[in-house]
Structure formats: C-alpha cells, structure tokens
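Trainee: Provided below for reference: sequence and predicted model.
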Amino acid sequence: MAGARWPTLVLFGPAVAWLALATAGSAAALLDGDDWGPPARRDATVAGADACRRCHLPQWRSWHDSYHRTMTQPTAAPGFEPAAPFAGERLAALGFVATLSRDGDGRPHVRVVPEAGDDAGGTPLLDARVELAVGSHRVQQYVARLDRGGGEGELWRLPLAWHIGEARWIHLNTAFLAPDGEPGSEADFMRHLSRYNDNCLFCHNTEPNPGLAADGRWHSAVGQWGIACEACHGPAAAHVQRHDAPLRRVWSALGDDGTVVDPQALAPGLATDVCGRCHGQRIGHDIATILAHGDGFRPGEPLANVSRPILRDATVGDDPQPHFRGRFWPDGSARLSAHEYQALLASPCHQDGAGLQCGDCHAMHGPTPAMQLRSDWDPTRSCTRCHDALALSGATAPAGHGGHGDALDCVACHMPRTSYGLLQGMISHRIGSPDPAAAVGLHDRPDACTQCHVDRSRSWAVASLPALGLPAHAPARAEDPRERWGSRILLDLHGGDPIQRALAVDALARPDAPVDPRVRLSWLLDALVDDYAAVRFMAWVGARALAAESGLDAAVTDALAGFDPEAAVQTRLATWQQLRRALGPGPFDDAPERALELEASRDAVAIWIGE
C-alpha cells in the first residue's frame, strides 16, 4: 500500500503544499490590519510616478506623454532640454536687452541689461541661472533662484518666455494683458517678475508645500515636480506598500482599499473638485497654514474643505473691495482661463455636483495630450445623455435645432470662445444657450452668434432665430446707436476693453468664420497698432494665417512676416501704414469720428492681469 501512495504524493504533494502556503498567505494578508484597515490619508506621502509604473504601465505611458508631466521641470534633471535654444539669443524689450545663454555646465542662463549699456556690458538688471522650466505646450516660462528677502529658497518666475508655436522669445507683457510700459522703466520691464513659491507652485506641481517659515524664508518642496499620478489619485506610498505583497494584490479585487482614489469613480461633484484644484483659481480658508504647509487637499474630499473659488464679487480677508471683478463678465462668467472650475459650477448641466463633470469630456489617459479629450468623445456624446439627439444641431432629422447641420456642434454655440488665455480665445466652460436678445444694447460679454458671424450685429442675430426654428424674444433693451456703425466684432475690436479686443481678433482669425478672409484681414490690421502687446501679437499671428489663405502677393506676406509686435511704436506704425496702403481703407476710415469715439471707450473697464 505504501508503494501505491508514493505516486500520489509525487503528483499531488507539491500542489497541496502550494495550496497550503497560498491559504496561509491569504489568511495572513486578509487578517493583516495594516493591509486592510482604514488608511491615514491625511498623513499619506507621495511615492512618485515611477512607483506606479510597475503595475500601471499603460496609464504611466499616457501620463508620461502628457503636458501635465512637463508642467514643471528642473533644469538640473538628467536629460532635460528647454524648449528655447538658450544659444545666445537676444530679446530687446522696453529699453532693455536680455541675453539667453548657457552656463559652463549647460544650464540655461538669463542676463538683462539696459539697452543703452548693452555694448559695454552694463549693470545687469537680472543675471541668474534658470532653475525650473514651466510649461511645454504653448509657452514655456522660466524660474530662477533670487533672494529678494526670502532666503536662498526664494524662486521667481522671470519676465520672459519662449513662445513654442512661433519659436521666439517674448516679454511676458506680451503674453499677459497689460498696456505697453515706458521704455527704460525697470518697474515696467520687471512688472511680471512673480514669486513662484506662493503662486505658480500650487497648480504646477504634485503635493506642493510653499514652506514659508516664521522668519520669512522659503523652504518650498513638492512631492513631485509637474502634475503626476498622485495629484489626481492622492499620495500613494501606503498604496504601494500594501500592494507590494502579491497575494494582497490578488485579494484587492474584492474591493477598494481606500489608499488612493479613481476620479472617474467619484461622484461628479467630487471628481470635478480634483480638477478644480488647479483649473479654478481659489482663495484658501487658512492662508497662513497653506503658505507654511500646503493646502492639505486630498482627491476624493470636497475642495470646499480647504478653499473657495474666486468669483466676481469675492473678497479677501477684511478688505471689502471686490478686486476680482475684472476677471469676470458682468453676468459672472469667467473672462480668463484658469477659471474653468467656476464656469462648470455655474453651468446648469453640472446640476450642483450631480450632473456633468470634467471626465465626461476629458481623460487624463486619453489618446492625445492636446486638450486630453476622451477617446470616445464627439461633440454631442456628453449632451445626448440628457438631450434628445434628434433635437441637436448636428442631427440629420428636420428637428435638428438651428439648421446648422454639420457646420457646428454643441460646443460652438453653447460653449463659445469668451475667455482669454495664453494669447488665444478659449471656450467658456459655463454651458448655456445663446440669447442675443439679452445682449442687445450692451457692450460686454461676446455672444456666440456674432463671434462666428463676424460681419453681423446682435440685432441681426435676434431677427434670424425664427428662420432657424429657434425661439426668439424681444431684446431686453433698445439698441445702442453705435451698434449700427458696424458688426459686433468691429465694435469690440475698436472700442472694447483689452479682453474684448483680444477675443475679436481671435474670432476674425478663425479659419471657420463665414466671411471672406481678405475682408477679415483688412479689419484685423488695425489691431496691429493696439496699445496692448498681447492684442498685437494675436493680430500678427492671425493676419499671417489670413494672408496665406487669401493668396496675397509677397509684398503683403513679407511685410507681415517682418512685423514685430514688440518693436518700437514708430517701427510698428510704419509697417501698418504699408499694409493699409496695400489692402485698402479700414472699416472706419470714412468715418474717423466714429473710430475716435469707440477708442475713447476702451478704458471703461481697466484691465491689468498678470496671470
């Protein structure tokens, strides 16, 4: 009998032994309180994206290819290369000359001297090694270590940037909205020098801690430079520790251990809060604690626990003045980017946190880093969850509202480009229905209809709605007589505040605007002599695109190619006059008194925005 049992032991003994070991290991894993107990998320620490790579390689790869990863990059990091050449380029702006070069070890360096003393070397206004590069999509900005009373850890965003699309240096006065400064004024050249520790650090890094000490010195730290996995999922050191055990990973299929969160599995309001931490400028509840230790926000918790979003009438501390009104239109909609969170909160589709959320359109692990749209996204997919597909403008059925067919999608009309950011118009994330009648007689927020139909007025839009099968009502007020002088876009281009003018330029330059590109180019020329460099830059980029589309001769294209929106005013004016002669009279050349009256209204809303 013993001999008969021997083959059985040989065949099944190892399996039984492994089963016993697995059972014992599983029991140990299941009974281990450290593995299954409630995690102390408040004390959690960052593990770093490389720790996630072992188990989540596809997600790690999509993150690695994203602009989130390169939001902040230390210049000393192995393999780092800035977007700018830093090969001795020079930028002259506002009476100063910046030389962009490399130190002996190849690190980027910035030196700024007065233009008058450039040949002799001059006393530098700035002379610093670049420590950080911020951004990698449209514009890359640079940060240096400058002790201006905050110690060796004090970091400052420099007033120069590399425009990636145009492959050129610009002064930040051109990227942000501010009037031209006085040549030779140090204050004007340095107006966009901004401390990084208590500003950019928060939204451009993972687990940021400004580290402001009681003596006023900065000891800033981050869990990881740039926006990495744990910015959205929460600090993951405990998660990594728990899942180091193979059997623990197997049994984790039974349920979530709570060490990290999946934003897509959260309720819409909490999922939106994860994005809102960076995509909606905020005011912290306890600013002193935040500056010393960070805001303490954890994904999956309400963002309202640590801060409140900046809204139009928001105040800070005991100051009763609503200093943020310039960032919003009178109806409370955001005029600037980095307020997408506020816009979504104000949208009826969000349903106070129970409806639409960021992840319904965007995906952090999507197929392309630009816009980070979901792989299954189309312009109507999110809308048809609540709205009848046959009633949407892209529908082929007669009931398709608006009659625009395939020419437009939901976003074009319900999320128009009424926000400014990074030298372009950006779509509003406050979802609403176009109502040109409510805007007749007003000169504030652009409306969806005339942002597309750049040669039309709001009164025309009101009158056109019934023909499209859309409901219409009488205007809320009488038409301003000036609204008969030209299209809404022309009124904004000549008489709007800087954001209105920038958005008018953006609308005229868009390739899908249903007006002859030569006409739009002729109108756009006047923005080349605007007194805001950002408006001029946008007009210059747009004018070159329209000239190429129009097939104009070399005299026009060469003049536009040689135009510099940051050049001295006399140089800019000479090029504009040459272009105006080539393209014919402007829209108000036959009524200069109207142009003067419109230009006089430009300062009705003061705009000086550095971020």
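Mentor: Looks like it came in fine.

Trainee: Make sure E593 is indeed in a strand.
Mentor: No - counting by DSSP: H, G, I helix; E, B strand; the rest coil, E593 falls outside a strand, being helix.

Trainee: Retrieve the pLDDT associated with it.
Mentor: pLDDT for E593: 96.

Trainee: and it, how many neighbours?
Mentor: By other CB atoms under 10 Å, 8 other residues sit near E593. Yep, even glycine has a C-beta here, placed from its N, CA and C like the rest.

Trainee: Next: the one 10 residues further on.
Mentor: Close neighbours of D603, defined as other CB under 10 Å, add up to 11.

Trainee: what does L270 give?
Mentor: Counted with other CB under 10 Å, L270 comes out at 18.

Trainee: my read: it touches P302, true?
Mentor: Yes - with contact defined as CB atoms under 8 Å, L270 counts as touching P302 (6.8 Å).

Trainee: can you give me the strands for the stretch 51-200 of the chain?
Mentor: 72-74, 89-93, 96-102, 108-114, 126-134, 139-145, 155-163, 168-171, 194-195 (DSSP state E, counting those that start in this stretch).

Trainee: low-scoring stretches of the stretch 301-450 of the chain, by residue?
Mentor: For the stretch 301-450 of the chain, applying pLDDT under 70 flags the ranges 391-403, 405-407.

Trainee: Please, where are all the strands along it?
Mentor: According to DSSP E, counting those that start in this stretch, the strands that the stretch 301-450 of the chain contains are 307-309, 417-421, 424-427.

Trainee: Please name whichever of the ones you listed is nearest to D43.
Mentor: Taking CB to CB, strand 307-309 is the member of the strands of the stretch 301-450 of the chain nearest to D43, at 20.6 Å.

Trainee: Can you give me the neighbour number for A582?
Mentor: 14.

Trainee: three-state assignment of it?
Mentor: Classified using three-state DSSP, A582 is helix.

Trainee: The residue nearest to it when sequence neighbours are not counted sits in which helix or strand?
Mentor: Leaving aside its sequence neighbours, A582 sits nearest to V556 (CB to CB, 6 or more residues apart in numbering; 5.2 Å). Following DSSP states H and E, one finds V556 within helix 554-562.

Trainee: mean confidence score for that helix?
Mentor: What helix 554-562 shows for mean pLDDT is 95.

Trainee: do the same with stretch 133-140
Mentor: 96.

Trainee: what about it, start to end distance?
Mentor: From its first residue to its last, stretch 133-140 covers 7 Å (CA to CA, to the nearest Å).

Trainee: Give me the residues contacting that stretch.
Mentor: With CB atoms under 8 Å, 6 or more residues apart in numbering as the contact definition, stretch 133-140 has outside contacts at 67, 70-73, 75, 80, 82-84, 108, 141-143, 157, 161-165, 170, 175, 200, 204, 369-370, 422-424.

Trainee: Now do that stretch: distance to the chain's middle.
Mentor: 11 Å (CA atoms, centre = their mean, to the nearest Å).

Trainee: mind listing what P82 touches?
Mentor: P82 makes contact with T75, P108, V130, A133, Q140, Y142, W162, according to CB under 8 Å, 6+ apart.

Trainee: could you redo the last one with a cut-off of 10 Å?
Mentor: Q73, T75, L100, R102, R107, P108, V130, A133, S136, Q140, Y142, W162 (CB atoms under 10 Å, 6 or more residues apart in numbering).

Trainee: Pick out the most distant pair among the residues you listed.
Mentor: R102 and S136 (19.1 Å).

Trainee: what about T315, distance to Y341?
Mentor: According to CB to CB, to the nearest Å, T315 and Y341 sit 19 Å apart.

Trainee: out of the two, which sits in the busier spot?
Mentor: Per other CB under 10 Å, whichever of T315 and Y341 has more neighbours is Y341, with 24 against 12.

Trainee: helix/strand/coil for the residue lying closest to that one once chain neighbours are set aside?
Mentor: Distances taken as CB to CB, 6+ apart place G280 nearest to Y341, at 2.4 Å, with adjacent residues excluded. What three-state DSSP gives for G280 is coil.

Trainee: Does G280 touch D273 like I think?
Mentor: Yes - the criterion here is CB atoms under 10 Å, and G280 meets it with D273 at 9.3 Å.

Trainee: okay, and the common contacts of these two?
Mentor: Common neighbours of G280 and D273, using CB under 10 Å, 6+ apart, are L303, Y341, L345.

Trainee: how many other residues sit next to the last one?
Mentor: Put plainly, it is L345. For L345, the neighbour count with other CB under 10 Å is 19.

Trainee: Quick one: end-to-end distance for stretch 369-382.
Mentor: End-to-end for stretch 369-382, by CA to CA: 20 Å.

Trainee: and what of stretch 88-105?
Mentor: Stretch 88-105 has an end-to-end distance of 15 Å (criterion: CA to CA).

Trainee: So which bits of it are buried?
Mentor: For stretch 88-105, a neighbour-count test (16 or more other CB atoms under 10 Å) marks L91, A92, A93, L94, G95, F96, V97, A98, T99, L100, R102 as buried.

Trainee: among those residues, which two are most distant?
Mentor: Farthest-apart pair in the buried residues of stretch 88-105 is G95 and R102; separation 25.5 Å (CB to CB).

Trainee: the helices in the stretch 251-400 of the chain, which residues?
Mentor: For the stretch 251-400 of the chain, applying DSSP state H, counting those that start in this stretch gives helices covering 268-276, 287-293, 340-345.

Trainee: so D492 makes contact with R482?
Mentor: No - if you go by CB under 10 Å, D492 and R482 don't touch, sitting 11.3 Å apart.

Trainee: Give me the common contacts of these two.
Mentor: Residues touching both D492 and R482 (CB under 10 Å, 6+ apart) are H443, L598.

Trainee: and those two? which has more neighbours close in?
Mentor: The neighbour count for D492 versus R482, taken as other CB under 10 Å, is higher for D492 (26 against 15).

Trainee: to the chain's geometric centre, what's the distance from the one helix or strand that one maps to?
Mentor: Per DSSP H and E: D492 is located in helix 488-495. Offset of helix 488-495 from its chain centre (CA atoms, centre = their mean): 25 Å.

Trainee: same for that helix, what does it pack against?
Mentor: Using 3 or more CB pairs under 10 Å, 6 or more residues apart in numbering; DSSP states H and E as the contact criterion, the elements in contact with helix 488-495 are helix 448-452, helix 458-464, helix 498-509, helix 517-524, helix 592-600.

Trainee: okay, those, which one's buried deepest?
Mentor: helix 498-509 (a mean of 27; mean count of other CB atoms under 10 Å).

Trainee: That one vs helix 517-524, what angle?
Mentor: 160 degrees (axes from the mean of the first three to the mean of the last three CA atoms, to 10 degrees).

Trainee: Now do helix 498-509 against strand 417-421, angle only.
Mentor: Taking the same axes, to 10 degrees, one finds helix 498-509 and strand 417-421 inclined to each other by 120 degrees.

Trainee: any idea of the mean pLDDT in helix 498-509?
Mentor: Across helix 498-509, pLDDT averages out at 97.

Trainee: when you compare where it runs with where helix 488-495 runs, what's the angle?
Mentor: Using the same axes, to 10 degrees: helix 498-509 against helix 488-495 is 130 degrees.
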